[in-house]
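1. From the sequence below, what's the structure:
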Amino acid sequence: MASTTDTSNIGLNEETELPVIFYPPLYLERRGWVLDILRRESITQVLDVGCGEGELLGCLCNPAPWLTPPPPSVLPPSLLTDITTREYMEFSMTEDFKTQCTGREDVLHITALNGLDISAFDLKDAVEAVAIKDTTSLRKWQIQQRWEPLDVKIWSGGLEVFNPEFVDTECIVATEVVEHLPEAILQDFAPVLLGLYHPRWLLITTPSYTFNARFTPPDAPPSARKGFLDPTGRTDRIFRHDDHKFEWTVQEFADWCRDVANQWDYEVEIGGVGLPTEADPYGRDAALGYASQTAAFRRKEGEEFAQRRRSRCQELGLLQSMSRRPGHLQLANYHHTPSSFAKLPSSLPVIADAVKQKMNEFRDGAVPLRELWFEADISLFCGGWVELLVAAVNEDPGLTLRKAENEYGTRWVDSISSDDGEASLTEEHATALETSTSPLRWADDNQESYVTNERQSWSSSPEVRWDTDHIGWGEPVSSDWS
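-> Got it, this is the predicted structure:
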């Protein structure tokens, strides 16, 4: 049915492109889609194929603010509460947040990262993005505690080369990569990633050619479309980037995804990200869909499926053909070590005394639990386990853990009684606290404080490149909609 939208007064010129704006920028929406799945599936190992400058890897290098719950040998189940760490540590528990709360923790605990790309220029930045930072020049509040070890490796080479270190990686990410691959290498994409490496998850994004119609009026001549003619000559399509070898329509992408998923015994969920902030003046939004297409491949579990994948790899002679190709070159290998106090907590009474001492330093009778945690000495006493802080407060008669309700939602508060507490520091902890550094506290857009003296928390304004994007295979993007 033809659109009945009246465009007579819109002032559009069929010889020019329509304005298309994304907020957040499209590359951040793609990254958000990846991070949402990593959190949901509690992924700990990631291979970024086509890592470019290492923006995703650098993000994943950030340490988790606390450990996963302690074993019963550290904290008896009788002392655990049914409140999740996520609830305790949120700045605000709004009604929307309460409906989204699933009881799972949304903090990533990454232990292994690998990055692969062919661009030597971009890989220099990737190596820097994951490097162990020199913190000697930073202030105490600018440094984050690391509670878990992290191994990061950066590799130079193509995805058509087999790397045994990538086998059984939990999750492989390839954002805006496939459209850059020549046909010969594209044919190796699924066999290598889904066959030889067989990750639990493979996450892919690629531009939607279907969406490209959104950039011009329906009857605009080809000259109105800015972009790059198909360099392969296979079609007369105009692409978003000069290095794109193809751009798939929604149907073409879905067909390819289902085909390779069936070949390698994976399930696939196909979707998209990137809707313009303004409505299409010609009413085509529903038909054109998202700017970027997404596919989340999940491995079918069981020995039957594993054997079928192995057999298919053997039939195709994948390892034999790969052995004749030059291997990947390792450019960096970093081991990020955790705090020496990780998983070595003090007793609950010592933690409680440290809390009282800290609250006395604050000269405050009610302090958010989150504020206390991001004081380095408190988290060191707890060995990185928030649950020990909660248990210590609950077990101490001089402390009370309560909810503070206000117009912004719910906050968990420590209240201290009139008796002053002083932490009984061991010599080891006292020495550590003299040299310890407080982690960077998290900021919130609505950081109103209920503390009576209106003491403000530190906030950070990290330098983020919002105005640039990079194709996953090391190619810079010319605009924010590619």
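2. Extract the C-alpha set from stretch 206-226 and format it as PDB.
-> C-alpha atoms of stretch 206-226 as PDB (Å, rounded to 0.1, in the frame of the first residue of the first chain):
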ATOM      1  CA  THR A 206      26.700  -5.500   9.900                       C
ATOM      2  CA  PRO A 207      25.100  -2.600   8.000                       C
ATOM      3  CA  SER A 208      21.600  -3.100   6.700                       C
ATOM      4  CA  TYR A 209      21.300  -2.300   3.000                       C
ATOM      5  CA  THR A 210      17.500  -2.200   3.400                       C
ATOM      6  CA  PHE A 211      17.900   0.800   5.700                       C
ATOM      7  CA  ASN A 212      20.000   2.700   3.200                       C
ATOM      8  CA  ALA A 213      16.700   3.800   1.400                       C
ATOM      9  CA  ARG A 214      16.100   5.900   4.500                       C
ATOM     10  CA  PHE A 215      18.800   8.400   3.300                       C
ATOM     11  CA  THR A 216      16.800   9.600   0.300                       C
ATOM     12  CA  PRO A 217      13.200  10.200  -0.700                       C
ATOM     13  CA  PRO A 218      11.400   7.200  -2.300                       C
ATOM     14  CA  ASP A 219      11.700   8.600  -5.900                       C
ATOM     15  CA  ALA A 220      15.100  10.200  -5.600                       C
ATOM     16  CA  PRO A 221      17.500   9.600  -8.500                       C
ATOM     17  CA  PRO A 222      20.700   7.600  -7.900                       C
ATOM     18  CA  SER A 223      22.700  10.800  -8.000                       C
ATOM     19  CA  ALA A 224      21.100  11.900  -4.700                       C
ATOM     20  CA  ARG A 225      22.600   9.100  -2.800                       C
ATOM     21  CA  LYS A 226      26.100   9.800  -1.300                       C
END
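3. buried residues in that stretch?
-> Using 16 or more other Cβ atoms under 10 Å as the test for burial, stretch 206-226 gives 206-217, 220, 224-225. Just so you know, the C-beta spots here come from the backbone N, C-alpha and C atoms, and that holds for glycine as well.
4. got it, and stretch 297-313?
-> Neighbour counts over stretch 297-313 (16+ other Cβ under 10 Å) mark 297-299, 309, 312-313 as buried.
5. closest to residue 235 among those residues?
-> Closest approach to residue 235 among the buried residues of stretch 297-313 (Cβ to Cβ): residue 297, at 26.3 Å.
6. Please, which helix or strand holds the closest one?
-> Taking DSSP states H and E as the criterion, residue 297 maps to strand 292-299.
7. do the same with residue 359
-> helix 348-362.
8. what's the spacing between that helix and its chain's center?
-> 34 Å (Cα atoms, centre = their mean, to the nearest Å).
9. Can you list the strands that the very next helix or strand once past it pairs with?
-> Counting by DSSP H and E, the next helix or strand C-terminal to helix 348-362 is strand 366-368. Using DSSP bridges, strand 366-368 pairs in its sheet with strand 409-416 (antiparallel).
10. if you average pLDDT over stretch 70-77, what comes out?
-> The pLDDT scores in stretch 70-77 average 92.
11. How about stretch 386-397?
-> For stretch 386-397, the mean confidence score works out to 91.
12. and what of stretch 333-341?
-> Averaged over stretch 333-341, pLDDT sits at 96.
13. ok, so of the buried residues of stretch 206-226, who is nearest residue 256?
-> For the buried residues of stretch 206-226, the nearest to residue 256 is residue 206 (9.5 Å; Cβ to Cβ).
14. so that closest one bridges to which residues?
-> Beta-bridge pairing of residue 206 under DSSP bridges involves residue 293.
15. Number the chain from 755, please
-> Will do, 755 is the new start, and the previous item becomes residue 960.
16. Check which residues of the helix holding residue 1113 are buried.
-> 1102, 1104-1113, 1116.
17. what are the C-alpha coordinates of it, in CSV please?
-> What follows is helix 1102-1116, C-alpha atoms only, in CSV (Å, rounded to 0.1, in the frame of the first residue of the first chain):
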residue,chain,number,x,y,z
LEU,A,1102,33.5,-9.6,60.4
PRO,A,1103,34.2,-7.7,63.7
VAL,A,1104,37.3,-6.1,62.1
ILE,A,1105,35.3,-5.1,59.1
ALA,A,1106,32.6,-3.6,61.3
ASP,A,1107,35.1,-1.6,63.3
ALA,A,1108,36.6,-0.3,60.1
VAL,A,1109,33.1,0.8,59.0
LYS,A,1110,32.6,2.7,62.3
GLN,A,1111,36.0,4.3,62.0
LYS,A,1112,35.3,5.4,58.5
MET,A,1113,31.9,6.8,59.4
ASN,A,1114,33.5,8.8,62.2
GLU,A,1115,36.0,10.2,59.7
PHE,A,1116,33.0,11.2,57.6
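18. If you count contacts, what does that helix end up packed against?
-> Contacts defined by 3 or more Cβ pairs under 8 Å, 6 or more residues apart in numbering; DSSP states H and E place helix 1102-1116 against helix 1123-1127, helix 1130-1135, helix 1140-1149, strand 1153-1160, strand 1163-1170.
19. between these, which one is nearest to residue 822?
-> helix 1140-1149 (9.7 Å).
20. Output the contacting helices and strands for the closest one.
-> So helix 1140-1149, by 3+ Cβ pairs under 8 Å, 6+ apart, packs with helix 839-843, helix 1102-1116, helix 1123-1127, strand 1153-1160.
21. looking at these, which has the lowest confidence?
-> With a mean of 67, helix 839-843 has the lowest mean pLDDT of the helices and strands packed on helix 1140-1149.
22. quick one on the thing from earlier: any chance of the helices and strands packed on helix 1102-1116 in TSV, with mean neighbour count and distance to residue 783 too?
-> Converted to TSV, those look like this (neighbours: other Cβ atoms under 10 Å; distance: least, Cβ to Cβ, whole Å):
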stretch	mean neighbour count	distance to residue 783
helix 1123-1127	20	28
helix 1130-1135	24	33
helix 1140-1149	22	31
strand 1153-1160	14	32
strand 1163-1170	20	26
